[in-house]
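[1] need coordinates for the following:
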Amino acid sequence: MRRTAGSTWRARGGRNIVALRYPDGSYDILYDGPVNDNMSFYGWHNSYEEAIYDWYVGEEAMDLPLYVQDWGDRITYPEGTEPGSYPVHRYDGDGWYLYLPVEGWTQWIAGDTNWFWTSDYCSGFTLTVEYITTNLADYLAGETQGMTPADDSGRVFTAQWDGWVYRDCYVDAVDGGCWKISTKWFDPDRTDSTSAVSPAPGPMAPIHRQALALMAESFTPDNRITPTQTSASLLTGVTAGETPLTLTLLPEDGQAGDGLGDCWSCGNSRYFYSELAALTWRAYSAPAGEAPKGAGVTLTGPGWTITAYEGYPAAAFDDGSGAVWLKPDGAEEVSPYQLLRGWYDEVEFHALGGGFDGTAPAVIPDSGQDYLAAAQAFCSQVEERHLQASSGGSFRWNYVQCQVKPEEEQIPALADLPDNVHPFRLTTIFVPENETALAHASAGGTERYAGSDPSLPEGAYEYGLCGYMTMETNGWHGNIVGAGW
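    Numbers count the residues shown, from 1 in each chain. Predicted coordinates:
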């Protein structure tokens, strides 16, 4: 059993235990139940603090909003679709909250006065929350944007165009302003156009239309609520693929090198950013004596930095007003360092010209050598980039050897090759520096070295690829096609 926050405790293993601890060290057990799949207690919560809160609020029938609800009984499922649970999680703003499905929606904007989400499955389905400084009566007297009242409340307005449905709901703010909650979705039953094509075919469209209405309906002003800390509210000013960002490696025993500025250059850049942007964060107070000790990576954006360290659960965020420590909040353990280091490694290896994806120099000057010698030079040139990758990274090898030989099998696809094109087989023998580098190189066909060369270092692995060399006017051009023809 270990303590979490305040006077609550929890146990890892076969049972969940909630206890109230007293100053003298004694405690009363309030809840003791088996974990099993942990859905009955932990469920879709982002932390045990949330799970304990919801359990206690429900147990005591308190007038407080839960973190997690199930809208399964509020959704009408299409015919032929199996009904089930529809878990939603509370999103906290500054003095307000609403509920969002735990999956299927992505937040893109979390500003001071504007918040925006889109459906992952239904193109164009959106939810927007906007704070307006004008009081509700004055605002509605002059601004409904041509929309018509949807009911008798005078606070809900709707419009539709060629199947698209727009709905605005207005709520008084406690400080004299107002809130505008807008939804947009497509309904094929509301279009007369024969050219209108639903951007959301399949069973998810009617489900998401209902969810959007419930999400807007769930918006509630509440001064007891403080904002959820999200990456969208931290990593401000970033347009994916465009905004200049810098990644800097902080070696454990050494000086930080130059930052890598072309962070959008590699194929997985958007993946790493989207994973980072999807995180929510909780303020982290380190236990006494705990401090980051490993290597680190800093991501620098417009006016902010976020730094994570190997083996440390939190990251330091600084927007110029001083660093604060934040920990990813969620049911799954997420390492901020692994995200930032993985991104750094990909950008660095791309900059080194590593990999057989066309980023490496692929022309070997013609010095009268045969195609096998040219292939040896080409493959070694590319694979030895691993020796230049930073220590501790996903691409770092301590040893590499390339062995090429003619393609001896009778491959139908190679029967009619021009005279200047020569196929070959490559075997790369390598020693990864670390487990991450081994995992990264362990695509199909990677296995422990099974040869008998006593000069090779221990811990060697090997994999095979096939490719061809083409003699052009400016030299030999290398091309790797994969593990097979």
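
[2] hey, C-alpha coordinates of the helix or strand where Leu100 lies in PDB?
    Using DSSP states H and E, Leu100 sits within strand 96-101. Presented in PDB, the C-alpha positions along strand 96-101 are these (Å, rounded to 0.1, in the frame of the first residue of the first chain):
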ATOM      1  CA  TRP A  96     -17.000  25.700 -16.300                       C
ATOM      2  CA  TYR A  97     -17.000  22.200 -17.500                       C
ATOM      3  CA  LEU A  98     -18.500  19.900 -20.100                       C
ATOM      4  CA  TYR A  99     -18.300  16.200 -20.900                       C
ATOM      5  CA  LEU A 100     -16.400  14.700 -23.900                       C
ATOM      6  CA  PRO A 101     -16.400  11.100 -25.200                       C
END
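
[3] residue boundaries of the strands in the stretch 151-300 of the chain?
    156-161, 164-172, 178-186, 220-221, 229-230, 246-250, 280-283, 296-301 (DSSP state E, counting those that start in this stretch).

[4] out of these, nearest to Asp24?
    Of all the strands of the stretch 151-300 of the chain, the one in closest proximity to Asp24, counting by C-beta to C-beta, is strand 280-283 (29.0 Å). (C-beta placed from N, C-alpha, C; glycine too.)

[5] any chance of TSV for the strands of the stretch 151-300 of the chain, columns mean neighbour count and mean pLDDT?
    Below are those laid out as TSV (neighbours: other C-beta atoms under 10 Å; pLDDT from 0 to 100):
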stretch	mean neighbour count	mean pLDDT
strand 156-161	16	89
strand 164-172	18	92
strand 178-186	21	93
strand 220-221	15	94
strand 229-230	19	66
strand 246-250	20	95
strand 280-283	18	79
strand 296-301	21	95
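
[6] helices or strands up against the host helix or strand of Leu326?
    Assigned by DSSP H and E, Leu326 belongs to strand 324-328. If you count contacts as 3 or more C-beta pairs under 8 Å, 6 or more residues apart in numbering; DSSP states H and E, strand 324-328 packs onto strand 280-283, strand 315-318.

[7] can you give me the buried ones in the last one?
    The neighbour-count check on strand 315-318 (16 or more other C-beta atoms under 10 Å) flags 315-317 as buried.

[8] return the member of these nearest to Ser218.
    Nearest member of these to Ser218, counting by C-beta to C-beta, is Phe317, at 28.9 Å.

[9] just the pLDDT for that closest one.
    Looking at Phe317, its pLDDT stands at 93.

[10] against Glu242, how distant is it?
    Counting by C-beta to C-beta, to the nearest Å, the separation of Phe317 from Glu242 is 22 Å.

[11] try His440
    The value you get for His440 to Glu242, if C-beta to C-beta is used, is 28 Å.

[12] and these two? Which one has more around it.
    Remark: of His440 and Glu242, His440 carries more neighbours, 18 against 8, as counted by other C-beta atoms under 10 Å.

[13] now for that one: which residues touch it?
    By C-beta atoms under 8 Å, 6 or more residues apart in numbering, the contact list for His440 reads 394-395.

[14] and what about it, helix, strand or coil?
    Look at His440: counting by DSSP: H, G, I helix; E, B strand; the rest coil, its state is helix.

[15] which strands or helices does the helix or strand harbouring Ala51 pack on?
    Ala51 belongs to helix 48-59 when assigned by DSSP H and E. Packing partners of helix 48-59 (3+ C-beta pairs under 8 Å, 6+ apart): strand 15-21, strand 27-34.

[16] for Leu352, which of those strands is the nearest?
    Taking the helices and strands packed on helix 48-59 one by one with C-beta to C-beta, strand 15-21 is closest: 48.4 Å.

[17] who does that closest one touch, helix- and strand-wise?
    Contacts defined by 3+ C-beta pairs under 8 Å, 6+ apart place strand 15-21 against strand 9-10, strand 27-34, helix 48-59.

[18] buried ones in that strand, by neighbour count?
    Residues 16-19 are the ones in strand 15-21 that count as buried (16+ other C-beta under 10 Å).

[19] give me the mean pLDDT for the helix holding Ala51.
    pLDDT averaged over helix 48-59 gives 86.

[20] and the angle from it to strand 15-21?
    Going by axes from the mean of the first three to the mean of the last three C-alpha atoms, to 10 degrees, helix 48-59 is angled at 80 degrees with respect to strand 15-21.

[21] strands paired with the next helix or strand after helix 48-59, and their directions?
    Using DSSP H and E, the helix or strand that follows helix 48-59 towards the C-terminus is strand 68-70. Strand 68-70 pairs in its sheet with strand 87-92 (antiparallel), by DSSP bridges.

[22] what about the partner strand, distance to the chain center?
    18 Å (C-alpha atoms, centre = their mean, to the nearest Å).

[23] neighbouring contacts of it?
    Outside strand 87-92, the residues that touch it by C-beta under 8 Å, 6+ apart are 43-46, 65-71, 97-102, 214-215, 218, 225-228.

[24] buried among these? Make that a ChimeraX selection.
    In ChimeraX, this line selects whichever of the contacts of strand 87-92 come out buried by 16+ other C-beta under 10 Å:
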select :43,44,45,46,65,66,67,68,69,71,97,98,99,100,101,102,214,215,218,225,228
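
[25] pretty sure Val347 contacts Gly261?
    No. Val347 lies out of contact with Gly261 (C-beta atoms under 8 Å); the separation is 9.0 Å.

[26] who's more crowded, the two?
    Set Val347 next to Gly261 and count neighbours by other C-beta under 10 Å: Val347 wins out with 23 against 15.

[27] which stretch of helix or strand covers that one?
    helix 336-352.

[28] I'd like the mean pLDDT over that helix, please.
    94.

[29] now swap in stretch 382-399 and tell me
    The model assigns stretch 382-399 a mean pLDDT of 95.

[30] Asp32: how many residues sit nearby?
    Neighbours around Asp32, by other C-beta under 10 Å: 11.

[31] find the nearest non-adjacent residue to it, please.
    Ile17 (5.2 Å; C-beta to C-beta, 6 or more residues apart in numbering).

[32] let me know whether the one you found touches Tyr27 as I believe.
    No. Counting by C-beta under 8 Å, Ile17 does not reach Tyr27; the two are 9.8 Å apart.

[33] any low-confidence regions in the stretch 151-300 of the chain?
    For the stretch 151-300 of the chain, residues meeting the criterion pLDDT under 70 lie at 190-203, 228-233, 254, 287-288.

[34] would you state the helices of it in chain order?
    Counting by DSSP state H, counting those that start in this stretch, the stretch 151-300 of the chain has helices at residues 204-217, 231-234, 269-277.

[35] might you report the residue contacts of Gln478?
    For residue 478 the amino acid is Gly, not Gln. 362-364, 374-375, 378-379, 382, 467, 469.

[36] reformat these as a markdown table; add neighbour count and distance to Ala141.
    Formatted as a markdown table, the contacts of Gly478 follow (neighbours: other C-beta atoms under 10 Å; distance: C-beta to C-beta, whole Å):
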| residue | neighbour count | distance to Ala141 |
| --- | --- | --- |
| Ala362 | 18 | 68 |
| Val363 | 13 | 71 |
| Ile364 | 21 | 75 |
| Ala374 | 25 | 78 |
| Ala375 | 27 | 77 |
| Phe378 | 28 | 73 |
| Cys379 | 25 | 74 |
| Val382 | 25 | 68 |
| Gly467 | 21 | 72 |
| Met469 | 26 | 76 |
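
[37] return the subset of those residues lying in strands.
    Under the assignment DSSP state E, those contribute 363-364, 467, 469 to strands.

[38] pop the domain breakdown of the protein in here.
    1-64, 70-227, 234-352, 363-482 (automatic domain parsing).
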